[in-house]
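Novice: Structure here, sequence nowhere to be found:
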Ligand code: BG6
């Protein structure tokens with residue numbers, strides 16, 4: 001249900017708000033998709049007047065919105081929606097001022113609270129909103145990942161938020177679920193009969209899910225050094241991708257049916273405990289190197305990062321799903337910062353034909369690329385022209401941007417913010433889903449502490465530590481580069 005509503009962004013001067021949320025809201029405004037009189041109120045500690053915030057927002061949005069879609073007139077209309085209130089979200093006294101602000105103008109309308117802050121503030125903010133009587137039937141709250149640092153802290157956050165908001169009002173965002181290609185994965189699997197019969201252990205040798213970035217930690221060193229690649233990426237984005245690859249077809253495409261199927265996958269993940277943690281996971285940290293012809297310093301020289309930091313900037317894990325469809329099929333997950341190339345892709349490696357008739361025959365491979373371009377390609381074997389039967393792999397290649405050239409590609413946040421406004425939580429994580437993911441991650445984190453080893457170094461601009469290659473080579477497999 002779409003409410004006439006306002007959106008309040010806690011952390012309104014932070015990177016997430018300025019680089020992601022405002023550009024997404026601007027595009028929705030420009031395309032006439034925001035409720036007509038929706039106000040956007042940014043909240044942060046910095047004392048700023050409304051005009052100064054509008055100028056700050058414009059500066060950042062101009063830098064982050066493609067020129068072709070930045071339209072001055074549309075911007076003026078969007079800026080008129082923007083307001084700013086300086087407040088300290090950790091001080092309950094400040095919520096009285098917020099309540100008075102909200103009483104001006106239209107009352108009795110919906111409110112969306114977006115938590116673009118550190119997760120340790122989520123509970124306090126929710127409690128203060130409830131105490132100031134700013135919660136109720138027509139309010140929703142959006143939480144950014146990671147929710148907590150462990151199962152216990154995630155449960156505490158979820159319980160705290162649950163005291164102020166009912167589960168259907170809580171939108172736990174994972175922006176990977178807003179990416180077009182990620183949703184296309186569901187279309188590929190559940191709207192085409194072709195793949196279903198072979199989408200299982202009898203036909204699939206293994207699955208790789210890689211999210212490699214060339215970026216480092218930018219100015220998020222303080223947050224990142226406390227989180228690391230496991231909590232920042234694998235616990236959420238990569239596990240969500242794994243769920244979409246592995247889940248059964250939901251009965252309906254609605255929030256509970258889809259999320260219940262994902263929870264089943266998370267619950268079927270085989271625990272990695274004890275010494276297995278050493279065999280099935282690899283932690284890495286980048287040292288100095290070169291990317292795109294530029295020298296890049298080591299992680300421990302990044303701003304706000306401890307000089308002796310042992311936070312992982314790379315992680316690879318060999319996961320297994322103990323269920324009928326997937327028993328015995330390894331899912332190799334890896335993610336890292338400052339790698340050679342920015343690519344996010346899922347590789348479904350099929351098994352070879354049972355009996356080889358021809359030389360050079362290789363097994364089929366389906367590659368679903370999310371970034372930098374959105375493509376789905378299927379590697380097939382074809383005969384080389386001329387005499388004989390020498391084979392070569394060729395690709396059936398679908399570029400989704402070309403296929404829908406006339407339509408603008410939406411940013412993940414656009415889709416997800418619109419879903420929040422419309423109250424559709426299909427692409428958001430349910431409480432049990434977040435907790436099931438932590439339940440699987442926790443023993444790995446504990447194993448890393450118990451059998452402590454410093455993260456393996458890898459040069460910036462490489463494909464990660466060599467131990468990540470061994471994870472596959474031990475079973476005569478290779479990462480798809
Ligand atoms: C965020 C992480 O969730 O995802 C960042 O906190 C990471 O560290 C980012 O850089 C990657 O997102 P994308 O959409 O660029 O792949």
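Specialist: All right, it came through fine. The structure presented is a predicted model; accordingly, all values stated were derived computationally and were not measured. Residues are numbered from 1 along each chain as shown.
Novice: how about the helices in the stretch 1-150 of the chain?
Specialist: Counting by DSSP state H, counting those that start in this stretch, one finds helices in the stretch 1-150 of the chain at the ranges 15, 22-30, 50-64, 72-79, 94-103, 122-131.
Novice: what does the stretch 351-481 of the chain give?
Specialist: Along the stretch 351-481 of the chain, counting by DSSP H, counting those that start in this stretch, helices occupy 400-403, 412-422, 431-450, 466-473.
Novice: Among the helices of the stretch 1-150 of the chain, show me which one is buried the most.
Specialist: Comparing the helices of the stretch 1-150 of the chain by mean neighbour count (mean count of other C-beta atoms under 10 Å), helix 22-30 comes out on top with a mean of 23. Where C-beta positions appear, they are placed from N, C-alpha and C, glycine not excepted.
Novice: And it, what does it pack against?
Specialist: Applying 3 or more C-beta pairs under 8 Å, 6 or more residues apart in numbering; DSSP states H and E, one finds that helix 22-30 contacts helix 50-64, helix 72-79, helix 412-422.
Novice: what about residue 212, how many neighbours?
Specialist: Neighbour count for residue 212, taken as other C-beta atoms under 10 Å: 22.
Novice: Could you check how far residue 289 is from the ligand?
Specialist: Distance of residue 289 to the ligand, computed by C-beta to the nearest ligand atom, to the nearest Å: 18 Å.
Novice: next one: residue 231
Specialist: From residue 231 over to the ligand the distance is 9 Å, taken as C-beta to the nearest ligand atom.
Novice: Report the closest residue of this protein relative to the ligand.
Specialist: Among the residues of the chain, residue 232 lies closest to the ligand, at 4.7 Å counting by C-beta to the nearest ligand atom.
Novice: neighbours of residue 362, just the number please.
Specialist: Around residue 362 there are 14 residues (other C-beta under 10 Å).
Novice: Please settle this for me: is the residue of the chain closest to the ligand part of a helix?
Specialist: Yes. Assigned with DSSP: H, G, I helix; E, B strand; the rest coil, residue 232 falls within a helix.
Novice: And for residue 297, nearest residue in space, chain neighbours not counted?
Specialist: residue 288 (5.6 Å; C-beta to C-beta, 6 or more residues apart in numbering).
Novice: ditto for residue 477
Specialist: In space, and not counting its chain neighbours, residue 477 is closest to residue 206: 6.2 Å by C-beta to C-beta, 6+ apart.
Novice: isn't residue 312 right next to residue 299, touching?
Specialist: No. Counting by C-beta atoms under 8 Å, residue 312 stays clear of residue 299, with 9.4 Å between them.
Novice: Mutual contacts of these two, please.
Specialist: The contact sets of residue 312 and residue 299 overlap at residue 285 (C-beta atoms under 8 Å, 6 or more residues apart in numbering).
Novice: Return the set of buried residues in the worst-scoring helix or strand of the chain on mean pLDDT.
Specialist: Sorting the helices and strands of the chain by mean pLDDT, DSSP states H and E puts helix 400-403 at the bottom, at a mean of 86. Under the neighbour-count criterion of 16 or more other C-beta atoms under 10 Å, helix 400-403 has residue 400 buried.
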